[in-house]
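Participant: okay, predicted coordinates and the sequence, questions at the end:
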Amino acid sequence: MPTSRPDFCGWSAFGPISLLIEDVIGLGPANADARKLSWRLVSKERCGVRNYRFADLVAEPDGTLNVTSNAPYTLDVNGMILAVKPGENRFAVKLTP
C-alpha cells in the first residue's frame, strides 16, 4: 500500500485554494522582482492568510492590518501603499464599501 505525505492535499487542491486567496481574500500575485504585493481588501470580517510564502497577513473588522514578515516589501492595500518591515507590523487601513 502506498504511503502519503502528511498534510499533503494533492494537486487537485491548487485551483480552489488559489481562487480562495485571489478572489475571496483578495490577494493578488506577488511581484518578487519589485518586492510588491497587492491586496484588494473588501471583507468586513476577519480575513487573511497565515504562512504565506514571506508573511502572515490578517485584516481585522476594525480596519487594523497585522502583518508579520521575514523580509521588507511594499504592500498595496486598496491603493494605500504601505512599507512593510521585517517582523511585526500593524497598519490602519480603510476598507472599501
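Facilitator: It's in. Residues are numbered from 1 along each chain as shown.

Participant: all contacts plus neighbour counts: C-alpha atoms, from now on.
Facilitator: Will do.

Participant: mean confidence for stretch 49-57?
Facilitator: In this model, stretch 49-57 has an average pLDDT of 87.

Participant: show the end-to-end separation of that stretch, please.
Facilitator: Taking C-alpha to C-alpha, to the nearest Å, the first and last residues of stretch 49-57 lie 5 Å apart.

Participant: using PDB, write out every CA atom in the lowest-mean-pLDDT helix or strand in the chain.
Facilitator: Of all helical and strand segments in the chain, the minimum by mean pLDDT, DSSP states H and E falls on helix 14-19, at a mean of 83. Backbone C-alpha positions of helix 14-19 (Å, rounded to 0.1, in the frame of the first residue of the first chain) are rendered in PDB as follows:
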ATOM      1  CA  PHE A  14      -4.200  24.000  -6.000                       C
ATOM      2  CA  GLY A  15      -7.100  25.500  -8.100                       C
ATOM      3  CA  PRO A  16      -9.600  26.000  -5.300                       C
ATOM      4  CA  ILE A  17      -7.000  27.400  -2.900                       C
ATOM      5  CA  SER A  18      -5.700  29.800  -5.500                       C
ATOM      6  CA  LEU A  19      -9.300  31.000  -6.200                       C
END
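
Participant: touching it from outside, list them.
Facilitator: Contacts to helix 14-19, defined as C-alpha atoms under 8 Å, 6 or more residues apart in numbering, come from no residue at all.

Participant: what's the first helix or strand after that helix?
Facilitator: Of the helices and strands lying after helix 14-19 in sequence (DSSP states H and E), the nearest is strand 36-39.
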